[in-house]
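# Take a look and give me a structure for this.
(chains A and B)
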2 protein chains.
Amino acid sequence: MSTLVTGIAELVTNDGTVGDGPLGLVADAAVVVEDGVVAWVGPAHAAPDADARIDVGGRAVIPGFVDSHAHLVFSGDRAAEFEARMSGERYDGGGIASTVAATRAASDETLRARLRALVTEMRAQGTTTVEVKSGYGLTVEDEARALRLAAEITPETTFLGAHVVPAEYSGRVDDYIGLVTGPMLAACAPHARWIDVFCEPASAHAFDGDAARAVLEAGRAAGLELRVHANQLSAGPGVRLAVELGAASADHCTHLTDADVDALAGGSTVATLLPGVEFSTRSPYPDARGLLAAGVTVALATDCNPGSCFTSSMAFCVALAVREMAMTPAEALWAATAGGAAALRRSDVGHLRPGARAHLAVLDAPSYRHLAYRPGVPLARTLELPATEALSRP
Amino acid sequence: MSTLVTGIAELVTNDGTVGDGPLGLVADAAVVVEDGVVAWVGPAHAAPDADARIDVGGRAVIPGFVDSHAHLVFSGDRAAEFEARMSGERYDGGGIASTVAATRAASDETLRARLRALVTEMRAQGTTTVEVKSGYGLTVEDEARALRLAAEITPETTFLGAHVVPAEYSGRVDDYIGLVTGPMLAACAPHARWIDVFCEPASAHAFDGDAARAVLEAGRAAGLELRVHANQLSAGPGVRLAVELGAASADHCTHLTDADVDALAGGSTVATLLPGVEFSTRSPYPDARGLLAAGVTVALATDCNPGSCFTSSMAFCVALAVREMAMTPAEALWAATAGGAAALRRSDVGHLRPGARAHLAVLDAPSYRHLAYRPGVPLARTLELPATEALSRP
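Predicted coordinates for the structure are as follows:
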């Protein structure tokens, strides 16, 4: 089964050998998809025949967004906490406890319904790959349950037992780390690709560098790959730890020292920026320009979660990246697609050269530039193709 | 024909006599619509029968957004100008000239198609009343054409011949004011409810206080009601002029002196804030809290236009108002609905007490708070009812 996609005013391939510039732009383009994989891209006048044809009507087509940081297995609502924060209360991660209580109390069916609703909402906005973390269970059974549910919809599952110290372990961080790196890890590792930790010495709820190192090393020993919640609330040790241990991504990077930037520039760890968090916690934004100037690979993701940022819109994150972090529209789009793929170490998504998964998003606009030029407008949607899976599975 | 709308988890009526607080909230509510008008609102258990029934599935329902400031009759694209601005260029209104050239060159059909596409896009995002300005024609024929097209889709048409001084009148502002207040006004008044002027002495392209007064007084003499682009780029005379002349609204209000706030507080002019403009021009936001503290009626609108702000999303403006101007979620929602209605002097929209037009928007969320809590997510849509017109006509 092959499908010819035509009527593409502007195609973003993210491959400079296929099209112009770093985004690999092709004007008046066509794409041929075969069995869920990109088989051909190029100018429409040179397109080969195919079994079926979809005309997108003079719109831009981009690789589907790769949202490499999301917390989608939870119950409850923290709109009231959001409202209080907007009235001046500070975010310190303490509110996570209320989501933990609601998540533990929820049935599988309740959690699954919310998870699927959010993934559907993301897909409707052009996101075709999403990472999903545990971290609102914080018991052996509840963490394993979250990961089993997450694995139903994405291969990018992340064990985040070390999200915060749960109330029942208050004052006994070492005991909790023992649980996370012992029985909890053993129960969760079969359902997870990644392990993550909220490394934040400035928060009474999160973990310092030593604890984070213990979690990450145990995870690696259990066969998991590494990612880190790093430097969100302060310039702590998270980023340098992530680089030292070869983590795929250091996420947040809101507070960076020169040494942190140097470490990222000298390593292979992607800096994943989550500007929706700074928007929704009224915090200063990360120094994206400094990271880009240093040659660091930058990704954008939503951090979709009920506390610090409940957006599911990658387009909104692109607009914030341009407005608030002075990324160019091209840099922001690359970070939200190819950057996210790098943060997940995926070579099959985030671009549209032949061989890529056929994850196409259509913009109701003639150019990718409109994602930032038209903030808040739901321009992006996933192109539904006959042979495309619901979400990417490698 | 009557329709019962049920399954409303939270109903915003904007009437404290109908429900709780300034938003007039009713939990587990129902609404009965009869011939396009709200006939009954109250708790679902007390709802009367009706001919038809729509279940919104446990979602929040709000009055449709009233977008009281939009420029939707134009051709061309200014994504490149936006991109340059995000790289550091300042916005001074000079780019309007490029839209004027493209709009003059466009056919009626081209302009109509763009206008209708934007109104459809707005409606899909929960906007049920929209004001539309001319201002990209700047000749007698092109301004009248813009207003004829606008009048096809909304009664809230605004003559903005005094948007900028067109290139062919460069250095001859008085001559252009003569044209605007003479033949152009005569040709446009039959198609317009309102007259507006870009009062901005700080811009070489716009109009000072004397010129603005001449335009507004001529418009009033021709039977038009008044609104003013005031204090966008500097603390000029616009706001005080608007209050003095009894304009319905002073729009932008980005730079206000204490005297401006006092004038607004002492008059009947609504302060319409357009935070999407500050977002898309990287400018400081208006002092909404100061206005609210002084007792000024505040409205929110998009200013949807191809130059300074190309969003069509009132929900995005609500989120910006909360994040950037410290409005509460309730204040922001009121401003985007009842506030917009006040800015258009409309008593039939912006609320849902019996007698209101049946302009309902459904949120894919349990509460209006989610509009700010979930920024960038397309939660709002217009509820399509059997007897509702495409857009409000008084």
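
# switch to C-alpha atoms for all contacts and neighbour counts from now on
Noted.

# Chain B contacts on the stretch 201-350 of chain A?
A:279-280, A:282, A:309-313, A:315-316, A:322-323, A:326, A:328-329 (Cα under 8 Å from any Cα of the partner chain).

# which residues of chain A score low on pLDDT?
Chain A contains residues with pLDDT under 70 at A:387-394.

# Pull the residues that contact the longest helix belonging to it.
Across chain A, the longest stretch assigned as helix under DSSP state H is helix A:108-124. Helix A:108-124 has contacts (Cα atoms under 8 Å, 6 or more residues apart in numbering or on different chains) with A:72-75, A:103, A:128, A:130, A:145, A:149-150, A:153, A:312-313, A:380-382.

# ok, and for that helix, which residues are buried?
Within helix A:108-124, the residues scored as buried using 16 or more other Cα atoms under 10 Å in any protein chain shown are A:108, A:111-112, A:114-116, A:118-119, A:121-124.

# Likewise for stretch A:332-347?
So stretch A:332-347, judged by 16+ other Cα under 10 Å, has buried residues A:332-344.

# and stretch A:328-345, how far apart are its ends?
24 Å (Cα to Cα, to the nearest Å).

# Please read the previous query as pertaining to stretch A:317-334.
12 Å.

# ok, residue A:368 - contacts?
A:10, A:12, A:60-62, A:329-330, A:333.

# Please read the previous query as pertaining to residue A:339.
Here residue A:339 is in contact with A:66, A:270, A:297-300, A:350 (Cα under 8 Å, 6+ apart).

# Against residue A:64, how distant is it?
12 Å.

# what do these two both touch?
Shared contacts of residue A:339 and residue A:64, counting by Cα under 8 Å, 6+ apart, come down to residue A:350.

# hmm, which two among the residues of the stretch 201-350 of chain A next to chain B are most spread apart?
Taking Cα to Cα as the measure, these span a maximum distance of 24.4 Å, between A:310 and A:328.

# For the stretch 1-150 of chain A, which residues are neighbours of chain B?
A:79, A:82-83, A:86-87.

# Tabulate the buried residues of stretch A:332-347 in CSV, adding columns for secondary structure.
Converted to CSV, the buried residues of stretch A:332-347 look like this (DSSP: H, G, I helix; E, B strand; the rest coil):
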residue, secondary structure
A:332, helix
A:333, helix
A:334, helix
A:335, helix
A:336, helix
A:337, helix
A:338, helix
A:339, helix
A:340, helix
A:341, helix
A:342, helix
A:343, helix
A:344, coil
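
# What about the contacts of residue A:368, which are in helices?
Counted as lying in helices by DSSP H, out of the contacts of residue A:368, are A:329-330, A:333.

# which of the residues of the stretch 1-150 of chain A next to chain B count as buried?
The neighbour count (16+ other Cα under 10 Å) marks A:79, A:82-83, A:86 as buried among those.

# Please enumerate the strands of the stretch 151-300 of chain A.
Ranges of strands within the stretch 151-300 of chain A are A:157-162, A:194-199, A:225-230, A:249-252, A:270-273, A:298-300, based on DSSP state E, counting those that start in this stretch.

# need these in TSV with mean neighbour count, can you?
Shown next, in TSV, are these (neighbours: other Cα atoms under 10 Å in any protein chain shown):
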stretch	mean neighbour count
strand A:157-162	29
strand A:194-199	29
strand A:225-230	26
strand A:249-252	30
strand A:270-273	30
strand A:298-300	31
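
# Tell me which of the ones you listed approaches residue A:292 most closely.
Short answer: strand A:298-300, nearest of these by Cα to Cα, at 7.1 Å.

# which other helices and strands contact the closest one?
Packing partners of strand A:298-300 (3 or more Cα pairs under 8 Å, 6 or more residues apart in numbering or on different chains; DSSP states H and E): strand A:270-273, helix A:288-293, helix A:314-325, helix A:340-343.
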